[in-house]
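1. Quick one, structure for this:
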Amino acid sequence: MSYLPPAPRHRSRIILLAVLLVLLLIFGRSICSFIIDYLWWGEMGQVPTWTRMLAIRYVTGIVEWVLVFAVLWLAHARGMKYAGTGVREQPRYALFATIAIAVVSMVIAAALTDGWTIARYAAGRGMDTAWHDPVFGRPLGFYFFELPFYRGMIGLIETLALAGALAYYVAARWWQMRLSTYGLRDMLASGRLDWQDLRRLGKLESGILRLLVAGFLVALAVNFWLDRYELLYSDHGNLLVGIDYVQQHLGLPLQYAKAGAALLAAILVLAGRNRLAIACALVLVVDFAVPPLVSSLYVKPNELALEKPFIERHIESTRSAFALGNSARVSEVEFAAHKEGNINFARNAGMLDNVRLWDWRAFHDTLSQTQPLRPYAYADTDVDRYQINNQLRQTLLAPRELDLSQLGEARNSWINANLTFTHGYGLVLAEASRISPSGLPDLLIRDAPVQVLAPGLKLTRPEIYYGEAAHEPVFVETQYPEFNFPSGSGDVPTRYNGAGGFPIGSAALRLVASVAQGDWNITLTSAFTPETRMMIHRRVLDRLSTLAGFIHWDNDPYLVITNEGKLVWIVDGYLTSDA
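-> Numbering: from 1, shown residues only. Below is the predicted model:
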């Protein structure tokens, strides 16, 4: 019996399957993570927001990657042509070079990509504001939305020109050496490859190379021009923020000089006058040396007199930022000074009775001794106010969050960590101005099961599935009951009764989750039901940062009790800018 090789069609199928398998191994986890992210954003009801964010990020990145690749590949191909060969004449090399250029282009594009800058520019371009800077007369929106975009575009052009020039030069010299009589192989065999070898090849005179270098210099000139606006961000220590005397009289003129010198250098490069172009860099030496000398020898001895108008600008801008320049919002009241205070204690009894006596740190340490409940821990204590007996009282609130380390070796069980111990339980609430006869906090909410001792307060669902110290992932609505709290007769279980998480009951989704999390127990477990849900991003700050990363979130979330008796996390968020 003779061996017959597989038919070409079968061989092609085998190769195709092998390629698909390799791609699946490389990108499989990323694809599965993408699906899990889609399910989570669907749980949040924000899939359109997510798709727009992806479009801003990846469409911008792909466009920049294609642009960088095109510039590098064309520059490389022209460099080969200058050396006397071409891409078609070197097919094996062309394939390798194309792959290498694609990878390098991807790295460059990833470093340059900032889709949010483009989105902010598109949304805020041309926005006018009441405040204009005192130096250039630009509105605030220019610094928030337009200037970062212009800087990004100029940075892209500089990178393209510089990378293209480098690719052209390397390709031209490489192939010149390979094709020369004393070739590259001979140079490497002799163990000698230095500048003399390059000089032997002669000067690299190329209009394309000059054009790329000139393009870089023009972009550099625009960059110097935009640097004028960056002077407004200058921090002069305790004196002022913004342009000072030296920058006004030397810094700004030197920025114009540097921009002009860069443009002149670009013209000289195109004309082939490279040495004169290099001489234009002398303006950088002047910019480096002269302003510090003027500051030390002239401004410092007369600082107050010379800097006074710039300090006044600083103060006026600060007042404008805090809206203190509007007389309708700010009023001045003079109070007569008295040597002896006349305080009516009876009149202010309600305020004095509500003064906080408990330090939150001491309160927190006390709870760990008087209200322990394993495996829960008090992650934080927050100060709040609640209506108690129809009076607004200052309180201290400490939620109990799950601490898996208290389980000992049991925490290593996958079922315990992911199915059974899924949430925190309850909280402790006390008046900040009350101390019991034994010197302990006077607790209004305590124990497990939860006891609410304050009239007007109630707690209907004490389970805490999202918090400051939550682990992930966990799975709810499984065949296993969830641990709620210990009691004398045994553990008290519970079942999740909420809308959190996303469905994970099907075999396909379980496989996707296993690959995304790197945990095959998700696929192999028999504890899941068709109603099982998966919870991720359970830490409050992680959840909010993923959902709205453009907001600056405060690092201290705090838990509140709603009128319906539910527990809700509140986090302060701010829209900030360093412009």
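2. got any ranges where the stretch 51-200 of the chain has weak pLDDT?
-> Across the stretch 51-200 of the chain, the ranges flagged by pLDDT under 70 are 181-200.
3. what helices or strands is the helix ranked longest in the chain leaning on?
-> Determined from DSSP state H, the single longest helix within the chain is helix 8-44. With contacts taken as 3 or more Cβ pairs under 8 Å, 6 or more residues apart in numbering; DSSP states H and E, helix 8-44 sits against helix 47-54, strand 502-503, helix 507-517. The way it works is simple: take the backbone N, C-alpha and C, and place the C-beta from them, glycine included.
4. could those go into a markdown table alongside mean neighbour count?
-> Output for the helices and strands packed on helix 8-44, formatted as a markdown table (neighbours: other Cβ atoms under 10 Å):
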| stretch | mean neighbour count |
| --- | --- |
| helix 47-54 | 14 |
| strand 502-503 | 16 |
| helix 507-517 | 18 |
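5. On the three-state scheme, the residue nearest the centre of the chain is what?
-> Centroid-nearest residue in the chain, with Cα atoms, centre = their mean: G549, separated by 6.7 Å. Assigned with DSSP: H, G, I helix; E, B strand; the rest coil, G549 falls in the coil class.
6. Which positions within the top strand by length along the chain qualify as buried?
-> When the chain is parsed with DSSP state E, its longest strand is strand 391-402. By neighbour count on 16 or more other Cβ atoms under 10 Å, the buried set for strand 391-402 is R393, Q394, T395, L396, L397, A398, P399, R400, E401, L402.
7. now do stretch 299-309
-> Quick answer for stretch 299-309 (16+ other Cβ under 10 Å): V299, L306, E307.
8. okay but the first one is in contact with A305, surely?
-> No. Between V299 and A305 there is no contact under Cβ atoms under 8 Å: 9.8 Å.
9. about what we covered before: ok, the buried residues of strand 391-402 vs S545, which is closest?
-> E401 (18.9 Å; Cβ to Cβ).
10. If we ignore the residues flanking it in sequence, what's nearest that closest one?
-> G424 (4.0 Å; Cβ to Cβ, 6 or more residues apart in numbering).
11. So what does that neighbour look like in phi/psi?
-> phi -90, psi 180 (degrees, to the nearest 10).
12. can you tell me how far it sits from I551?
-> Plainly put, G424 is 25 Å away from I551 if you go by Cβ to Cβ, to the nearest Å.
13. Give me the more crowded residue out of the two.
-> G424 (28 against 14; other Cβ atoms under 10 Å).
14. For the helix or strand hosting I315, which helices and strands make contact with it?
-> Using DSSP states H and E, I315 falls within helix 303-321. Applying 3+ Cβ pairs under 8 Å, 6+ apart, one finds that helix 303-321 contacts helix 245-246.
15. List the contacts of the helix it packs on.
-> For helix 245-246, the surrounding residues in contact (Cβ atoms under 8 Å, 6 or more residues apart in numbering) are P291, V294, S295, V299, L306, E307, F310.
16. For L140, see how far away I26 is.
-> Applying Cβ to Cβ to I26 and L140 gives a distance of 46 Å.
17. higher neighbour count, those two?
-> Between I26 and L140, counted using other Cβ under 10 Å, the more crowded position is L140 (19 against 9).
18. which ones are touching the residue lying closest to L509 once chain neighbours are set aside?
-> For L509, ignoring the flanking residues on the chain, the nearest one in space by Cβ to Cβ, 6+ apart is P503 at 7.0 Å. P503 makes contact with L39, L509, E531, T532, R533, M534 under the criterion Cβ under 8 Å, 6+ apart.
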